[in-house]
Structures are given as structure tokens and as C-alpha cells.
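Enquirer: turn this into a model:
(chains A, B and C)
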Amino acid sequence: MNFLDYAPAPESKAILNLRNDYGLFIDGEFVDGTGTPFASISPATEQQIAMISNAGAADVDKAVAAARRAYDTTWSRLSGSDRGKYLFRIARLVQERARELAVAESLDNGKPIKETRDVDIPLVAAWFFYYAGWADKLEHAGLGPNPASLGVAAQVIPWNFPLLMLAWKIAPALAAGNTVVLKPAETTPLTALLFAEICQQADLPPGVVNIITGAGDTGDLLVKHADVNKVAFTGSTAVGRAIARSVAGTDKKLTLELGGKGANIVFDDAPIDQAIEGIVNGVFFNQGQVCCAGSRLLVQESVHDDVVDRLKQRLSTLRLGDPLDKNTDIGAINSAAQLKRISALSDIGEQEGAERWSADCAIPENGFWFAPTIFTNVSTSHRIARDEIFGPVLSVLTFRTPAEAIAKANNTPYGLSAGIWSDKGSRILAVADKLRAGVVWANTFNRFDPASPFGGYKESGFGREGGRQGLAAYLAPASTKADARTDTPKISARKKAAQ
Amino acid sequence: MTSTELATRERTLSLLGGEATDSNLRRYLHGIPGVDAVGLEQRAAALGTRSIKTSSKKWAIDTIIGLIDLTTLEGADTPGKVRSLVAKAITPDPADPSCPRVAAVCVYGDMVGDAVRALGAAHTTPAQPGINVAAVATAFPSGRASRAVKLADTADAIAAGADEIDMVIDRGAFLSGRYGEVFDEIVAVKAACARPDGTTAHLKVILETGELNTYDNVRRASWLAILAGGDFIKTSTGKVSPAATLPVTLSMLEVVRDWHRLTGEKIGVKPAGGIRTSKDAIKYLVTVAETVGEEWLVPELFRFGASSLLNDVLLQRQKLATGHYSGPAYVTID
Amino acid sequence: MTRLAVPKTYKLYIGGKFPRSESGRVYPVTTKQGDFLANAAKASRKDARHAVLAARAAVSGWAGTTAYNRAQVLYRIAELLEGRRAQFIDEITASEGSSPQAAAAQVDEAIDRWVWYAGWADKYVQVAGNANPVSGPFFNLSVPEPTGVVAIVAPQAGGSLLGLVSAVAPALVAGNTVVVIANEAMPLSAISLSEVLATSDVPGGVLNVLTGSPAEIAPWLASHADVNALDLVGAGALDWVDLQIQAAETLKRVLPPENGPDAAAPSLHRITAFTETKTVWHTKALI
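Expert: Purely as a prediction, here's the structure:
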């Protein structure tokens, strides 16, 4: 009897009551899209979960028009406290349906149920709860008295934390008095559509939240729509760059949460067992498909071998498999395309001379899987040390002095997250000061909280989500609502090309 | 000194780079990486969410019973009470003869003779593994007595037939940095565990983690106890709150794991006090298995110091056997 | 008998030095009526590149000063401006064609605005930052930090000194270093401001002043990968949408053009626009 072969403990899918087809959620109702519907599949089994509507240009127009109407006629006229009450209702409904949402998320995304159950969904509820309380306190948001909402927010979110990213986007937008049109990622639309049901159950006025499904072209139509006032995007730096180009010359306020190549710095005096856990959590949480993943381990040379040994030992205890099994640590990669990218970059790592080690775990026959992998002997010039892999792949580099650690950590166009492991408080604070990253975790990693602002430096984007700062991203100071901007910007040839 | 003891001493001296003086020990123990309490507790909590089902659960429950040091440590203990404890140790569930026996009974030193007599043929002998008798010693639980008294306490228990000695460390000395004193005392008690036939009773070293307070102290005390020759490190006397907790036990298991990496030697761990339900006990099994490996889930390397735990485990066992929930009237009170 | 004046040679200000344009080019600066006042250096893209290098090199030192020290160093600028008040009034009167009274009012407002911003150095972090009550045993603090190198197209309308000060002071006070393209038609006060900086305690490279054509230089700054932010406050007459598109390549933080009398009005927002909120988590435990 091998005790560690825990009997399968799958979370029951019986809690789900899914439809075969999902429409677009526009103006409070599910309607069919004009595009060709697409299937959402489970990345763990490649089996179809449901057919999803595809929003075309007319649907995007309709959704934006619904959001505009709702903004003009109801939501912007509602008192802050009433907006807050709707958000509180949503928070409670998310809590009530937490298990169902967790199962749906694991099914659609491939991430382990223990993450959706213990991290994603509780944070979704917390996010709505936190911003609900802000709705009638906007004058304290840091923009002076009577800050103004922006109008219609176009929000495009990624597939790595589908419902959580929805909450990060919708909760502050609604609290600030905006209405939204949100597009979930094409591979993970399910929980957003369940959220649409929650909006109905909360009796949210029609049009305040609109959810349109589709691929990148739908998102493109949405963010470029002339009648949106705010664009919020989380995703790749390449797409973020294109969005930044497309909003150039407009009054659209922009928040971008983009890629990262987070450095996790381990000093020789680190609390070693917790550092190992932090490294594991840093890059193998959600199969490493996290923009703030600690994908570059910077370890002090004197403890390198010990850290790598312990890490390998620890990784050998991780369980890869059925995302719905409560004992699963590593779930499925979200899509075939993502798996291909991870594999390709890992192969490049080997070709460039880094030493590859993968945990010895059985890979299921169907679905998209990648065993936890460590690269040692990595140089700063290697692509696996520079490119965001967005998978369960850790690149290990070394340093000798704190100054070298800082220099290496900052040697990237990204600047989203970083970790510091040391027992020496003054050094932690000094290193944290010098890291060019929006979130620095000291002796911990991958912690999130609605009260805590999150967002990047440099090419990791701009604007913050979470906290007071996250609210400010959806507000304008009262005085600059009609500011002195040039009325008729010249539209250049390049701009036209970008559109 | 036996040759094993000599070897242990040699290795300790080489690790410390000299005699086990306060300063050498301090240098060594304070050179061990620190513990971040938040991360440790987070890891323990994560281990606590592992799910055990059906066949694993039956195995786990029987394993737990076989790892229990069934304990009575009351001022009011009598030979009668000890006899009844021993009866329960031998036959935990009178209704089910397939129920395994516990690992040991744990009593005060003056009760060792009663326990040995009550066990009779069920007692461990060199020829036949059975139920061990463990005696708390060294002025348990406070440890506030002279070295001579502590050694005499130990020798008495050994003479009465104890197979295992659960000693307490001098927490006062430890907290004031007199590591050498703590070390020497463990060495001396270990020597007092020797029997005339040349064998030695197993020594469990109780750290009383509730009084050491910090995880860094727990980790240092664990290293100290192992360096000094303890066979087991044990969390608590059960007389101080908090007694065993999952994070404390995890931290001690990490030391045991590191010691094994360093020397190849396996040290036992005994959480004691506060573990009352089979659900909690299973969390400990998971923690052991994922930290040091399943090979530690044997009585030679892991024990639960507990009294009320056994009955809860028996209720679960009955539930598994019959398919319906049992009640307190269906297990014996001691 | 009047004394023959000694005119000033107006040059660029890069890395604390006053070089001529590497291109060797100058352009005439005239009065409103078209009378020749001086030749200003006409900066090239290479001058812009040098300026960015100088600005980048100055970031860690300037951002690393204590806020109190930065406040004092900036306040010192206001003191020096006050001492040169007459010179600025003369230059503004000559180049902007404004009355001496109006020029004096502009200089006074510029000095006062500088003082206002200088006072923010050790306060904006308190006002824009905060402790975060996260649910868990963590110390969690968010603080704004300077973005890095900021390229600015200074306001091009009248009020050349006030416009310049309004644009550069908020970026500097946060701890950023700046490459500014001065008012093209009225660059004299920008160069004189540089002289003030050169004799102050502001380290070389913290503020770099380019004179010349914004239309020619701005694209090089907008597309420069080592520039972190772009203030287009004075770029309204340029193809600024194109500049913004170029800035998008490296995700620069961009402020749009502003026109009218309220352009670059003093506000905390102008300071925080070029800051990055950093959130630091640390575990918290007694044991």
C-alpha cells in the first residue's frame, strides 16, 4: 500500500448545471452572436464543455450601446450606496455558488480544484466585497472631491485566472460608476457566462454588465470601439502594445497588465524550507501560467546546489493530473497552443546549453500537460531567462552579491513582480527599494488581495488593479473631466495603419 | 561508552568543530537557516487539505493505531488505572479482534512495573516485538530538578523494565543560551538508558515546544537533541499549551529530513498532546509522508502521544467497517 | 555713451554641460517683430540620444536622494531663479514681446510654482501611497516611485518659462530625470534656467534641455526604448498621435497635449503621472 497514492478524490461535476450552448450576455439577456459559434473544451480531456457564441462587429456595437444606455439612464444616476449594494449582492452570490464556480473554472481552465476552491473563487468574492464598500466613498479615492466615472469600460481578460480577472475588472469599474463590456478569453468563457447568471440573480440593471465571447478579433473590435471611454486589458505584452497604439490620440483611459519575467531572489540566509515552498508556489502555481510568476530564480552561489537539490526533491512530490482531483498540484496547460509555446521555449533552453530537469510524473494520454521543469546553468543571455514562458518552467541563475542580484533582477524589459528571501530585514527593504517591479514579495510569493495594488513597471504595463489605486483607474478628477486637450488631433498615416 | 556512542560523539564533534560547548553549539545552531513562521504555517495548512479516501483511509486508521503511545500521566494514576490502560492498548476494540495494537503505553516512572506486569506476554521482548513501555523521566514535566535526580529517575524506570524513556530538556537552560548544559544532560540521560545487558532503551527528547515559543527555537532544539544522541524528538509533555501543532511537527520533520540527508540516519518524531481526532492524525500522516517519506510511518520512527485520539480513531474504524456512524457508547472509556 | 554689450551664446544643456549641437546647427531666435536676438543650438537626434544617456545615468542618484534633500535642492532652484529674476524678465520681454509687468508676473509665477512643487518632494509618497489592510499576516505597503527617464515637449505657446517649469518641475520632484525639448520659438529662458541648474546642487543629467525643432526631435525620444515616459503637454501642434503610437512600442507612460491658459496647471496628478506604485509584501509573525 502506497499511502501517497491518495485514492482519487475528484470534485463532483454534479454540482454543475451547464447548458449546451451559451449566448452573449447583452442588456441583461443571453442572445445569439452573429459569428460562428465555437466550442470550449476541457484542456484536461479535450472534451467539449459547451458551444459558445461568437460576437461580431454588430454584436460589439450592440453590447457597447447597451452599456452606454445603462450608463446614461441608470447606473450613473444611481447613488454610490446603491451601486455598492448591488456589488455586495454579487459578492454574496459568488460565495453561495463558490463550489460550482470552482468546479466550472477547473473544468474549463485546467487548473487544480484546490486552487480554484482556495484561491481564485474566494478572491473573486473578496474583490467584489472590497470594491462594494468603495462605491459610496469615491471622494476618498485620491482624486479629490466628486471624482467622475468614465463611462463605458471595454475590458479584455486572459485565460489564466478567468473569473478572478473578471472580478479585478468589473468590481472597481462598477463601484466607480462605469458600465462594462467584458470579453473573456476564448478558451475560458465558462465562468464569465455563469457570472452573467449571477448578475441576473442580483437583479443588476440590464446593460451594466455585458459579456461578449469570441477570439482576438472580437477583443480588437471592442477596445477600438469609438464609444468606449476606458480600456482595461490583461494579457500579453504584444497585444497590450497594439492596444496602446490603437487608443493613441483618443481620450480613452488605459490600464494594461501585461507580461512578466519575475525574479525570485534567494539569499544565503534565506529561511530555506519556506524559500523552497515559495519558489514552487512562485512558478508552479497555476502551471506557471501567471504573469507575475517567479520564473527566474536568482540564487546566491553559495547555496545554489543545496537549493536546487531541495527543489528537485520537493518537485518530485507534486502531483500532476486531473484538475478536479482535490489532491492535484499541477493541472493541465490551458491550450494546445500554449503547450506548444512552452515546449518550444524549453527546447530552445536545452539547445542554448542550459541543463534541463523535469519531475518524473506520469502524463495523462489526453489533454495538454507539461511536467514541472527546472533549467540550471542558465545565463542571462538565454532566451529562457528573458522570454516569458508562461508555463511550469523555472530558470535558475546565480549571483554573488546583493548588487549583482538587483542588477540581474532588473535586467529585463518587464517589471511586474519579484521575490526576496532573506532573514535580514534591512537587506530585504533595501533590495525591495531597488527592484523595478510593481509587486515585491518578501519571504512569500504570489499573494493577492483586493486591498493590495497590483501592476507593472516598464513593459509589464501601467495602471494598478486592487486597492485605492485600482479604483482610481476607473475615475477622473472632477476638474479635468472636460480638460484642455487638443480637440482635433492630427491623424497620421501610421495611426491609420494601426487601425 | 559503546562503539556506537563513540561514533555518535565523533560525528557530533566533527560537525560542531570541537567540543559541545555553549559557544560551539551556538555557532552551529544559529548557523542553521531560519524559519519563516507564515510560510511554515501556510505549508502545514496546505498539507492539511490533502484528501484521503476509502482504501487509503482504512490503511491510515490502522497505521495511526499502531503508532499511538497510549498515555496516562496524571497525579491520580494508580496501578488499577494503568492496568486498564494496558488492557485498552492490547485490545483497543473488544468487538473487533482484527484491530491492531498500539505501539506503546506511556506512564510515569513509578508505574512502569505495573505496566510491565499488566502487559505480561504482550510486552516487547528481544525475541518478540510487542507493546513497549515508555516512561516519562527527568523530573517530568518541568525538568526542574538536579542532574542527579533526573538520572536516578531515568535509571529507576529502566530498572523497572521501561523500553523507552521520554525525557524533557531543560528549557530554562536552552532559552538562556546554555546549550552545552542541555546537550550534556541529554548525553547523560542517554547513558542512563543503558541496561546491564548492553542494550539501551530508546530515548525520546521532549522539547516542550510550547515553552520554546518560536519556530527557530524548535528547529535549534531539534538539532541539539539529535546531535546529543536522542533517538526521537518529541514536541510536548502535554502539560503545556500549545502542545503539538502541525506546523511545529512539520518543522521538526524538516530537521529529521535534513539530518537524514546529512548522515543517512533516521530519527523519530513524536507529536504529543492536542491530537484528538483521526482527521487531525491523518494530516500528520500526510505531513510525514510528504516531508520525510512514507518509510517513516512505522513505530520505530513516528508516534502519536495521545490518549483520547484512540477512541476517535476507533469510531472511524467502526464506521468504515459497518458503513454507518458509531457513537461513544461503543468504545471503551479507557 | 553706451557700453557695447557682451551677448550670450545659447547652447544645449546635457549631462550638466553646455555643448553645442553635435550637428553644428543653430537657428535664429527673434523678437515678436522678427529682430534677431540670438542663435540657439538646433539639437539633432544624436543630441537627443546623448541627453537620454545622461538622463539615464542620473536616475539612480537623483531617485536615491532623500526626499528632504531633493526638496531642498529644488527649493534652491527657486532661490537662484529669484536672484536672476531681472534677467528672466528681460529675456521674456524681448522674446515674447510681453510687457515688463507681464514678464515679471510670469517669472514670479514660475518661481512660486517651483516652490510649490519642491515642497511636494517629501509628501507625495505619503499622499499617493498607503498601507494596505490585506487579509493575512503580512506587512503590505504601496508607495509611488519615480518612473525613470521622462521626455517632455515643453509648452510651445507664450509663457515660455512658466510653461517649462510647469512641465519639468513635477517630473523632477518625484525623482525622475528629464529630457525636455524647450519652446522652439522662445528658448532663451530655458537655457537660462539650465544655467541656474548648472550652478545649483542638481546633479548633471537630471535635467537636460534641448533647443530646436520638437517636430524633428520628439519622434526620436518617443521611440527611444530607454525613455520610460513621454509628456506631450506642448506637442499639440505636432503629429502627437504618431508620437503616442511610437511610445506604445515600449509601453511608455504618456500624458496628452494640453492647450490654453490652464495647460500643465499645477497638480499632484502631474507628479504621480510619472510614478510607479510599488507594493511590498512581507510576512509578519511573532514566532
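Enquirer: pLDDT score for the nearest residue to residue C:13 once chain neighbours are set aside?
Expert: Counting by C-beta to C-beta, 6 or more residues apart in numbering or on different chains, residue C:194 is the residue found nearest to residue C:13 once chain neighbours are left out, at 3.4 Å. Placement of C-beta: from N, CA and C, glycine included. pLDDT for residue C:194: 97.
Enquirer: how about the contacts made by residue C:194?
Expert: Shown in contact with residue C:194 (C-beta atoms under 8 Å, 6 or more residues apart in numbering or on different chains): C:13, C:18, C:207, C:209.
Enquirer: what helix or strand does residue B:314 sit in?
Expert: helix B:309-322 (DSSP states H and E).
Enquirer: returning to that earlier point: so which of the contacts of residue C:194 comes closest to residue C:32?
Expert: Using C-beta to C-beta, residue C:209 is the member of these that lies nearest residue C:32, at 22.5 Å.
Enquirer: chain neighbours aside, what residue packs nearest to that closest one?
Expert: Residue C:209's closest residue in space is residue C:13 (C-beta to C-beta, 6+ apart), at 4.1 Å.
Enquirer: picking that back up, contacts for the helix holding residue B:314 next, please.
Expert: With C-beta under 8 Å, 6+ apart as the test, helix B:309-322 has contacts from B:57-58, B:61-62, B:64-65, B:68, B:70, B:88, B:92-93, B:95-96, B:99, B:102, B:275-278, B:280-281, B:325-328, B:330-333.
Enquirer: on that earlier part again, which one of the contacts of residue C:194 has the most neighbours?
Expert: residue C:207 (32 neighbours; other C-beta atoms under 10 Å in any protein chain shown).
Enquirer: need the contact list for that one.
Expert: C:13, C:168, C:172, C:177, C:178, C:180, C:194, C:197.
Enquirer: what residues sit buried inside stretch A:93-112?
Expert: Within stretch A:93-112, the residues that count as buried by 16 or more other C-beta atoms under 10 Å in any protein chain shown are A:93-95, A:97-112.
Enquirer: please list the members of these that lie in helices.
Expert: Judged by DSSP state H, the buried residues of stretch A:93-112 include A:93-95, A:98-109 as members of helices.
Enquirer: spell out which residues of the stretch 101-250 of chain A are next to chain B.
Expert: Within the stretch 101-250 of chain A, the positions adjacent to chain B are A:114, A:118 by C-beta under 8 Å from any C-beta of the partner chain.
Enquirer: does the residue in the stretch 101-250 of chain A that chain B sits nearest to count as helix, strand or coil?
Expert: As assessed by C-beta to the nearest C-beta, chain B sits closest to residue A:114 within the stretch 101-250 of chain A, at 6.3 Å. With DSSP: H, G, I helix; E, B strand; the rest coil as the basis, residue A:114 sits in helix.
Enquirer: show me which residues of the stretch 151-287 of chain C sit near chain A.
Expert: Of all the residues in the stretch 151-287 of chain C, those lying near chain A are C:228, C:236, C:238-242, C:244-251, C:253, C:256-260, C:262-263, C:269, C:276-283, going by C-beta under 8 Å from any C-beta.
Enquirer: which parts of the stretch 201-350 of chain A are helices?
Expert: Assigned by DSSP state H, counting those that start in this stretch, the stretch 201-350 of chain A shows helices spanning A:216-224, A:237-246, A:272-284, A:304-315, A:336-351.
Enquirer: please disregard the earlier target; I meant chain B.
Expert: B:3-16, B:22-29, B:37-47, B:54-66, B:79-90, B:112-119, B:147-159, B:171-175, B:179-192, B:209-212, B:215-227, B:246-263, B:278-291, B:309-322.
Enquirer: again with the stretch 151-287 of chain C
Expert: Taking DSSP H, counting those that start in this stretch to define them, one finds helices in the stretch 151-287 of chain C at C:160-173, C:188-198, C:214-223, C:240-248, C:268-272.
Enquirer: among the ones you listed, which is the most enclosed?
Expert: Each of the helices of the stretch 151-287 of chain C was scored by mean neighbour count; the highest is helix C:160-173, a mean of 27, by mean count of other C-beta atoms under 10 Å in any protein chain shown.
Enquirer: angle of the helix or strand containing residue C:53 against helix C:214-223?
Expert: Residue C:53 belongs to helix C:45-64 when elements are defined using DSSP H and E. Taking axes from the mean of the first three to the mean of the last three C-alpha atoms, to 10 degrees, one finds that helix C:45-64 is oriented at 50 degrees with respect to helix C:214-223.
Enquirer: and the next helix or strand past helix C:45-64?
Expert: Reading on from helix C:45-64 to the C-terminus, the next helix or strand found by DSSP H and E is helix C:67-83.
Enquirer: and the angle for that following helix with helix C:45-64?
Expert: Using the same axes, to 10 degrees, helix C:67-83 lies at 130 degrees relative to helix C:45-64.
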